[in-house]
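J.: Give the three-dimensional model of this entry:
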Amino acid sequence: MSDEKSTAPEMEASVHETKPAPEDTLTQESDIPSILPLLPVRDIVIFNYMILPLFVGREKSVQAVDAALNSNRYIMLSAQRDQDMDDPGPEDVYSVGTVGMIMRMLKMPDGRMKVLVQGLTRARIIGYAENAPFDAVKVEFINETEVEHIGPTEEALLRSVKEQSEKIMELRGIESSEIMSVMSNVNDPGRLADLVASNLRMRSADAQQVLECLDPMERLHLINNQLVKEVEVASVQAKIQTMAKKGMDKAQKEYFLREQLKAIRSELGDKGADGEELDELRSALNALGLPKKVKKEADKQLTRLESMHPDSAEFTILRTYLDWLIDLPWKKTSKDRLNITEAAHILDEDHYSLDKVKERILEYLSVRKLNPAMKGPILCFVGPPGVGKTSLGKSIARSLGRKFARMSLGGMRDEAEIRGHRRTYIGAMPGRIIQSMKDAGTINPVIMLDEIDKLGSDFRGDPSSALLEVLDPEQNNSFTDHYLNVPYDLSRVMFICTANMLDTIPSALLDRMEVIRLPGYTEQEKIAIARRYLLTRQIKENGLSTEEIIISDAVLTAIIRNYTREAGLRNLEREIGAVCRKYARKIAEGKKGPFRVTQAALTKLLGQPRFQDEEREQAMPPGVALGLAWTPYGGEILHIECSLLPGKGKLILTGKLGDVMKESAQAALSYARSKSVSLGIAEDFFDTHDIHIHVPAGATPKDGPSAGVTLVTTLLSAITNEPVAPHVAMTGEITLRGRVMPVGGIKEKILAAVSHGVTKVLIPARNTHDLEEIPKELRKRIEVKTIETIDEIWPEVRVPAAS
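T.: Prediction:
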């Protein structure tokens, strides 16, 4: 046990009590021997004239006390440097201490001692005489200098110390009359300093500094400085206690009034809201740690609720509102998985390829690791159906270690779906954003806004405008839902939007999002994804095992080429599922596997191939050219046809073309007329012929500038009566001056060209940088030529004359 100052009252003697020391033993230093037992004390420094009880429990300390009691009761009291040390050595005890006398000793039942000691005089340890069973030290007594004359300065310091001591006692509520009467009779600076120091709360190091100071006035200065600090601390402490007491008095008053109100209602027969239920609501609201403004509104509504009858309609409305406040996450967060390597492994495990998206997520994690206060990014994945936009959002949430919530915006027309309904309406509810936050349960989830390009608008409002606040990092830290009517922080949410195309997204909304394109997969990527994910999933969903059905890469390639023609993977998974169901039926009928699927068996399993490379004409007639288009569902091949008819120069356009495509046809005609001389076209040709341009699949709307080069090529082929090579496809916008302008969707268009067996593609020269996104294995299968003007097209597409 440690030796420390006792704060407990005197205990009755239970075993043995020594007699008090005779008073004549407390007189002269000459009576004190130079070798004394040492008692190291913790957490306290003992001064002259100081009387205090000590608990003694360490074996050495008990032996030292016994030795002092068996001789002359004198003992050396010195403070430890390290309070936690149980067996201090010579270097662990301060050399300057106080010689004390043991006035009384009481043995405790647990073997410890309680001793009452009085400090007599300062002394310095100059050596150690023994080390067992206790420490005995050689000491020399320290004679203090005396103050010869008490002048005005000394008198002012004496008064200051006494006044500060009295002020501290008043602030702490201690009766000071008796203590001050004692202090008023002490006019010796050194004695007064020791008296105050023995009753002042000081750290051991500060008290030791006072003990070692031998000049009385300097010691009194140290005490005065400590008193000034204590007065400041005691003043602040008293202020805090006063404020706490006022708060308690207010709470007690409110409790008393509330109980009276309950009693009055009980007498009137109007019991109001259930007290326990309201107390639970109040406790739940207090435990949430709500922001100041939200807490004020919650308390206001709870106060209103207390005064309502439970059967009233408004009671239910307010109760539902408070339940929403309680159920929403205000401070609860998911701990981000900031291990970049582990997050990269999860992304690679869930998705094949998509390197650009994965790199962006790992960049976000890296910045989040360096700057925990960063706001959540707002990403927009754009690509055709089936490329994995939604599943990628789930994978991102898993890699971050966050909750995931999804809301579909397709067909949404009411602004209240985003912002919520005001509580004045019957059946009002918060908007979908707040509902998603409640479902997620944390303030930093990943929320996916699906199909953002399919938002509508009507007389009920414009949801896309409501989303401007949600998706703006500078505003969404105080998003206000009409139902809640208090600000809610969305700045830590990671929003991920998905779209098939950007054209229908308002520019102001698009400006707030970081667009990442997912153009589609190459044939090699589809095979790898089918092998790693789709085949395994379909085998499991159809009750099979990998040992019962075997599908080779050649079979997967045949399915991709002959039964699917898409940028994504949905139809591919559907066809794989159809194959698995055929063999599941065989196993259910009792046939034994394993079954190996062959290319020859695909016709029986899936029917006749839906797409064949033979569909591409081996030789096209004049006036026909292949164009490349980009749709929300990926790249497409367009067969554009042109026929010349006797007439008066009329341009006929069919095939349900949009305005932009019609204007491209007009520009192509104007360019052909401007080049009629160099092309050898008769001067009156355009006045005597009508030109009919048709784009097959007439029921499908078509628009966009990408068909410009194809339209002018088709027109020139028809006028010159020279065919275009059937293996060449093209894309690009044209100008009246004959320039070829850049277009979008280059990767999707090249993917479509390869899937249709095209071997050569013409693209605008200013789209050269888009070729970096084309995989190397895909570029090996097709020749890509860049063009800057229309004049460069004809040499690349015309069929060489037969030799």
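J.: Longest strand in this structure, please.
T.: The strand that spans the most residues within the chain, counting by DSSP state E, is strand 113-130.
J.: got the CA coordinates for that strand in CSV?
T.: In CSV, the C-alpha atoms belonging to strand 113-130 read as follows (Å, rounded to 0.1, in the frame of the first residue of the first chain):
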residue,chain,number,x,y,z
MET,A,113,-0.4,1.9,10.2
LYS,A,114,-2.1,5.3,10.6
VAL,A,115,0.4,7.8,12.1
LEU,A,116,-0.1,11.4,13.2
VAL,A,117,3.1,13.4,12.5
GLN,A,118,4.2,17.0,13.0
GLY,A,119,6.8,18.8,11.0
LEU,A,120,9.6,20.3,13.1
THR,A,121,12.4,21.7,11.0
ARG,A,122,13.8,21.6,7.5
ALA,A,123,16.7,19.2,6.9
ARG,A,124,18.8,18.0,4.0
ILE,A,125,19.8,14.3,3.4
ILE,A,126,23.6,14.1,3.1
GLY,A,127,23.9,10.3,3.0
TYR,A,128,22.3,7.0,3.6
ALA,A,129,23.4,5.0,6.7
GLU,A,130,21.4,1.7,6.2
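J.: can you offset everything so residue one is 840?
T.: New numbering, starting at 840: the last item is strand 952-969.
J.: Counting by contacts, list what the helix or strand following it packs against.
T.: Next along the chain after strand 952-969, taking DSSP states H and E as the criterion, comes strand 975-980. Other helices and strands packing on strand 975-980, by 3 or more C-beta pairs under 8 Å, 6 or more residues apart in numbering; DSSP states H and E, are strand 874-880, strand 952-969. Any C-beta I mention is one placed from the backbone N, CA and C, and that applies to glycine too.
J.: Find me the pLDDT at residue 1023, would you?
T.: Looking at residue 1023, its pLDDT stands at 77.
J.: I'd like to check which residues are in contact with it.
T.: Listed by C-beta atoms under 8 Å, 6 or more residues apart in numbering, the contact set of residue 1023 reads residue 1001.
J.: How about residue 1592?
T.: Residue 1592 neighbours (C-beta under 8 Å, 6+ apart): 1467, 1474, 1476, 1568, 1600, 1621.
J.: Give me the buried entries from these.
T.: Neighbour counting with 16 or more other C-beta atoms under 10 Å marks 1467, 1474, 1476, 1568, 1600, 1621 as buried within those.
J.: burial of the closest residue to residue 1630 other than its chain neighbours, as a residue count?
T.: Of all residues not flanking residue 1630 in the chain, residue 1577 sits nearest, at 6.4 Å (C-beta to C-beta, 6 or more residues apart in numbering). The tally of other residues near residue 1577 (other C-beta atoms under 10 Å) stands at 17.
J.: Do I have it right that residue 1577 meets residue 1627?
T.: No: using C-beta atoms under 8 Å, residue 1577 is not in contact with residue 1627; the gap is 9.4 Å.
J.: From the contact counts, what lies against the longest strand of the chain?
T.: Strand 952-969 packs on strand 874-880, strand 890-895, helix 898-909, strand 913-918, strand 935-946, strand 975-980, going by 3+ C-beta pairs under 8 Å, 6+ apart.
J.: For stretch 1424-1438, list every residue counted as buried.
T.: For stretch 1424-1438, a neighbour-count test (16+ other C-beta under 10 Å) marks 1426, 1434, 1436 as buried.
J.: which of those residues lies closest to residue 964?
T.: Using C-beta to C-beta, residue 1426 is the member of these that lies nearest residue 964, at 94.6 Å.
J.: sec struct for that closest one, please.
T.: helix (DSSP: H, G, I helix; E, B strand; the rest coil).
J.: Cool, thanks, signing off.
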